[in-house]
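Student: quick one, fold the following:
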Amino acid sequence: MGSEGPEAPPVGAVLAGGEGRRIGGDKAIVELEGRPLVSYPLEALHEVCDRVAVVAKRQTLLPPLEGAVELWLEPLCALYRRQALPDLERALEAGARMSDAVAALRPDELAVADDVAFLNVDRPEDLLRAATLFGC
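Tutor: Numbers count the residues shown, from 1 in each chain. The predicted structure is shown next:
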């Protein structure tokens, strides 16, 4: 995890690990209004975070990423404390799915009032909904 102390600034992370089976191609490079989908959350995070990372499997096709770092992880949208790392590593080494490993940590869940804040674009109809929401 590095040698950064507890006061290290947060890193914004965009999860771009989807294979895009339902949307018909590599999800991160599917375009909405002439821009790759991954560029929208990256832009939003750059407004509030100094450091932004794209989290994806090595084989994920990504567009050129200006100002973002590529990481190879598959976390869920969450805040993880360093104390959780050993438990997560053990679960993953044992072959557990990431969602099961995280569930074993018994996380606190937060309700989000804005269902668009975590809009998931997986299928062509989701892409149409995103275009409508963004006024495209």
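Student: how many neighbours does residue 121 have?
Tutor: Using other Cβ atoms under 10 Å, residue 121 is surrounded by 21 other residues. From N, CA and C alone the C-beta is placed, and that goes for glycine too.
Student: per-residue pLDDT, it?
Tutor: Looking at residue 121, its pLDDT stands at 74.
Student: which of the three states applies to it?
Tutor: coil (DSSP: H, G, I helix; E, B strand; the rest coil).
Student: what about the helices in the protein?
Tutor: Remark: helices assigned in the chain by DSSP state H are 39-46, 85-93, 98-103, 124-133.
Student: so for the last one, what gets flagged as buried?
Tutor: Using 16 or more other Cβ atoms under 10 Å as the burial criterion, the residues of helix 124-133 that qualify are 127, 130.
Student: off-centre distance for it?
Tutor: Distance of helix 124-133 from its chain centroid, counting by Cα atoms, centre = their mean, to the nearest Å, is 19 Å.
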